[in-house]
Every structure is written in structure tokens, then in C-alpha cells.
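*Asks:* Dropping the sequence and predicted coords here.
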Amino acid sequence: MATLLPLLLKASLALLVFSLGLSATLQDTTHLFRRPGQLARALVAMFVVMPITALILARTLDPPAAVKIALVALALSPLPPTFSRKALKQGGRLSYVAGLLVAATLLAVPLIPLSLELIERNRDLPLQMRPAAVLALVFWSLLLPLLAGMVARKASPALAERVSGPINTIAFAVLVLGVIPILVRVWPAVVSLVGNGTLLAMVVLVLVGLAVGHLLGGPDPEDRTVLALSTAARHPAIAIAIAQANFPDQKLAPAAVLLYVLVSVIVGMPYLKWAKRRHVAAPVPARS
């Protein structure tokens, strides 16, 4: 089981992104690169505001060391593979969802090492992560499955359209079933982190991500919701890799990352309900 569960998780996450690729075109994936204003706002939300907020929370609330490390690592991590499913379910445009996934993933390769170096210089912390290591993580978990789905769509558009939904559903079901045993196993470690400003810091970080993403998402309500979700949500595998690469002795950091994932889901629920009601009531803007 110790070997099977990680494999199931990786496979399910890859399938989630693969299902997005089955519906996406090359024009969708380059959507934000052709709209530099939208891209700049998204990068500010995800790669500027979130790390700064994490550093402020780590200093002012002074949570346990493992939580401080997790907050900074999470704030530097790009989109989780599950983000696209949630964003599309909330009515997000495929072009914006796919474009944001590709842009954030590609730009994470230079931005994560750069951010770590800036934090190291200003906080006197021995932080580092080579661009090649970041590229390997995002390539296998995000880029390759997306490209594979797009190739499959190009080869057989009709088949891709039919299987995209079922693959997405199966992948999400496998993901949930795989996460439950892991949560049961690490739950004592997760509970041990609660208190001393931990939950407050995580709730504030999620709320800041939702608010900044919503404000910088532009005039389209769907785009605002997508950017809010992508800013508040973080890639747990990359966050854990950053934490372990820089602080291998902090064994509780992965548990803190998982705790943030749970907190982000719970805190994000009221926003999603509010956004859904707002989308129903709002007129549909002209789209380009």
C-alpha cells in the first residue's frame, strides 16, 4: 500500500490534467500569453502577493517552524492539478483555465528559484531550488499530461470529447479514495500543528488569495472566480518538494501542507457559493 497509494495519486492527478487537454486547443493554452495585461495581473496575484502575505503571516503570527516553512513553500507553488476541474465546474472559460495553467506552470520554472533567492537575501535563510528541479516537477505533473491530452484530441476530436468527462470523473474518484488513507495515517501529525496561530495564518492566506484573485481577475465574473481559486489553491506536491529540499529535518512540514489544503477547501466553500449566485445574476459580458 505504501507504494501503491502514491502511484494512484500521481496517476489520478495526471489524468485530471489529461482530461483538460482532451478539451483544450493550442489557442486555449496560449490564451494569456496573447493578453499580457491579464497575465501580469495573474502573476502579481499568485507570485507576488501570496509570498509577501505568507512572509508577513509567518513573522507576525509566529506559528510553529514547520508551518512557517509550509506557508512560504505553498505561496511559491503554482496551480494544483485539481484546480482546472473546480474552475470549469464553476463556469470558468476553458481558454482562461487552460491558458492560466500553462502560463503559471511555465513561469514557475524561473519564478520559484528567483523568489527563493530573494527571500534568502532578505531573511537570511538558506533557501534554494534549481530551475531544473522545478521544471521536472511541473513537467511530469502538469505539462506532459496536458500535452498528451491535446495530442489525443488532435488525433481524434470526437473520441476526446466523449471520454473527457468520464476520465475526469474517474480520476477525481481515484484521487479522493487515495487521499483518505494518507490523511488517516498523517492525521495525528496534522492535529499536532493546530494552535499557536497555525489555523489563523492559513485562513488568512486563503482569504487573501481569494480576494486578490477576484479583484485582479478582470471584468469577466468567470475569470475572477478562476483566478481567485488559482491564487488561493496551491500545488501540495511542489510545496512539499520545496520544503524538503530546503529543510529536510522539518518532518512536520508535509503535514502542514496537507492541513492547508483542507483549510483552503473549507474556507473556499462560501466564496464558491457566493460566486455561483453572482454568476447567475450577472449579465454575460462580451468576450474576445
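*Replies:* Thanks, I have the structure now.
*Asks:* Enumerate every residue touching residue 69.
*Replies:* Residue 69 makes contact with 243, 246-247, 250, 253, 256, according to Cβ atoms under 8 Å, 6 or more residues apart in numbering. Using the backbone N, CA and C atoms, a C-beta is placed for each residue, glycine as well.
*Asks:* For these, which single residue is the most surrounded?
*Replies:* Counting neighbours by other Cβ atoms under 10 Å, residue 256 leads those with 30 neighbours.
*Asks:* Can you give me the pLDDT of it?
*Replies:* Confidence at residue 256, expressed as pLDDT, is 91.
*Asks:* picking that back up, pick out the lowest-pLDDT one from the contacts of residue 69.
*Replies:* Scoring the contacts of residue 69 by pLDDT puts residue 246 last, at 79.
*Asks:* any idea how far it is from residue 72?
*Replies:* Counting by Cβ to Cβ, to the nearest Å, the separation of residue 246 from residue 72 is 9 Å.
*Asks:* Now do the shared contacts for these two.
*Replies:* With Cβ under 8 Å, 6+ apart, residue 246 and residue 72 have no common neighbours.
*Asks:* Read off the pLDDT value for residue 54.
*Replies:* 92.
*Asks:* Can you verify my assumption that it contacts residue 72?
*Replies:* Yes. With contact defined as Cβ atoms under 8 Å, residue 54 reaches residue 72; the gap is 5.0 Å.
*Asks:* Pull up the per-residue confidence for residue 2.
*Replies:* Residue 2 is given a pLDDT of 49.
*Asks:* likewise residue 48?
*Replies:* Reading off the model, residue 48 has pLDDT 92.
*Asks:* For burial, what's the neighbour tally of it?
*Replies:* Here the number of neighbours of residue 48 (other Cβ under 10 Å) works out to 14.
*Asks:* for residue 161, same thing?
*Replies:* 12.
*Asks:* Quickly find the element holding residue 62.
*Replies:* Using DSSP states H and E, residue 62 sits in no helix or strand.
*Asks:* contacting residues around it?
*Replies:* Counted by Cβ under 8 Å, 6+ apart, residue 62 has contacts 196-197.
*Asks:* Roughly how far does it sit from residue 262?
*Replies:* Using Cβ to Cβ, residue 62 is found at 22 Å from residue 262.
*Asks:* Also residue 66?
*Replies:* Residue 66 sits 16 Å away from residue 262, going by Cβ to Cβ.
*Asks:* Between those two, which is the more surrounded one?
*Replies:* Counted by other Cβ under 10 Å, residue 66 and residue 262 do not tie: residue 66 has more neighbours, with 23 against 12.
*Asks:* close enough to count as contact, that one and residue 258?
*Replies:* No. Contact status for residue 66 versus residue 258: not in contact, 11.5 Å apart, counting by Cβ under 8 Å.
*Asks:* Just list the residues touching residue 21, thanks.
*Replies:* Counted by Cβ under 8 Å, 6+ apart, residue 21 has contacts 145-153.
*Asks:* Over to residue 72?
*Replies:* Neighbours of residue 72 in contact, by Cβ under 8 Å, 6+ apart: 51, 54-55, 58, 119.
*Asks:* Take those and keep only those in helices.
*Replies:* The helices, defined by DSSP state H, take in 51, 54-55, 58, 119 from these.
*Asks:* how about stretch 209-226 as PDB, C-alpha atoms only?
*Replies:* Only the C-alpha atoms of stretch 209-226 are listed here, as PDB (Å, rounded to 0.1, in the frame of the first residue of the first chain):
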ATOM      1  CA  GLY A 209      -5.700  34.600  -2.200                       C
ATOM      2  CA  LEU A 210      -9.400  34.600  -2.900                       C
ATOM      3  CA  ALA A 211      -9.800  38.300  -2.500                       C
ATOM      4  CA  VAL A 212      -6.700  39.300  -4.600                       C
ATOM      5  CA  GLY A 213      -7.500  36.800  -7.300                       C
ATOM      6  CA  HIS A 214     -11.100  38.000  -7.500                       C
ATOM      7  CA  LEU A 215     -10.100  41.700  -7.700                       C
ATOM      8  CA  LEU A 216      -7.400  41.200 -10.300                       C
ATOM      9  CA  GLY A 217      -9.400  38.700 -12.400                       C
ATOM     10  CA  GLY A 218     -10.800  41.400 -14.700                       C
ATOM     11  CA  PRO A 219     -14.300  42.300 -15.700                       C
ATOM     12  CA  ASP A 220     -15.400  38.800 -16.500                       C
ATOM     13  CA  PRO A 221     -17.000  37.200 -13.400                       C
ATOM     14  CA  GLU A 222     -15.900  33.700 -14.500                       C
ATOM     15  CA  ASP A 223     -12.300  34.800 -14.900                       C
ATOM     16  CA  ARG A 224     -12.400  36.400 -11.500                       C
ATOM     17  CA  THR A 225     -13.600  33.100  -9.900                       C
ATOM     18  CA  VAL A 226     -10.900  31.100 -11.800                       C
END
